[in-house]
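Chemist: after the sequence you'll find the predicted model.
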Amino acid sequence: MKLTKNIRAKLGLLKFRRDIHKVRFKRQVVSFDDAVKIGLLYDASDERDYEVVRAHVKHIRTSFKKEVLALGYVDKKVLPPSQFAQLGLDFFTRKDLDFRLIPKDPIVLNFINEKFDILINYNSGKCFPLQYIAAMSQARFRIGRYDQRNMNAYDMMVKITGDPPIKTVIEEVQVFLHQIRSQQS
């Protein structure tokens, strides 16, 4: 079983390396103030992380009047009953991946093709499906956690040591994101 998953991961990585060179979108730095539409990626396998992201999405929508779409990956075959899709909070699971661990669900493909001003991947980079989505995204400005292997997947990387809770990761990314100023200023 472990051998099969390793083979699937290696095949997915080969496809990823091929596909990343085909991605040709106009990238630019976008300040949080100038952003209208924001996409968030996260590992939703832990229900507590889902609750933190849900609160974060609500905060951005109400406090900053931004349009926010969040996509969570649940590393199970079936979505737990406590986690259900809401407006702007979608999920995909293992059954939505092809043999190479590449997402194939229409919800994911729509997310990849969405023209976000900013896309933030809160995951540590250990989740290949989320990494693939971030790299293929048509977002103007992609932000993720620093990992030497993912240099071509992001426009800005935030170095966060260890594996802190998602709330800490969100806070760290927000600190850097709010430091980016509009080009008009």
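Modeler: That came through fine.
Chemist: which strands and helices sit next to the helix or strand where residue 8 lies?
Modeler: Under the criterion of DSSP states H and E, residue 8 resides in helix 2-20. Judged by 3 or more C-beta pairs under 8 Å, 6 or more residues apart in numbering; DSSP states H and E, helix 2-20 is in contact with helix 128-136. All C-beta atoms are positioned from the backbone trio N, CA, C, and that covers glycine.
Chemist: can you give me the strands for this structure?
Modeler: 37-43, 67-74, 89-93, 118-121, 141-145, 156-158 (DSSP state E).
Chemist: buried ones in the helix holding residue 8?
Modeler: 8, 12-13, 16 (16 or more other C-beta atoms under 10 Å).
Chemist: the most centrally placed residue in the chain pairs with what?
Modeler: In the chain, the centroid-proximal residue (C-alpha atoms, centre = their mean) is residue 41; its distance is 2.5 Å. Judged by DSSP bridges, the bridge partners of residue 41 are residue 71, residue 121.
Chemist: my read: it touches residue 136, true?
Modeler: No - counting by C-beta atoms under 8 Å, residue 136 is not a contact partner of residue 41; they are 11.4 Å apart.
Chemist: show me what contacts the residue lying closest to residue 11 once chain neighbours are set aside?
Modeler: Distances taken as C-beta to C-beta, 6 or more residues apart in numbering put residue 100 closest to residue 11, at 4.3 Å, once the chain neighbours are dropped. By C-beta atoms under 8 Å, 6 or more residues apart in numbering, the contact set of residue 100 is 8, 11-12, 14-15.
Chemist: do the same with residue 137
Modeler: So residue 137 contacts 39, 111-112, 114, 116, 119 (C-beta under 8 Å, 6+ apart).
Chemist: top of those residues by neighbour count?
Modeler: In terms of neighbours by other C-beta atoms under 10 Å, those top out with residue 119 at 28 neighbours.
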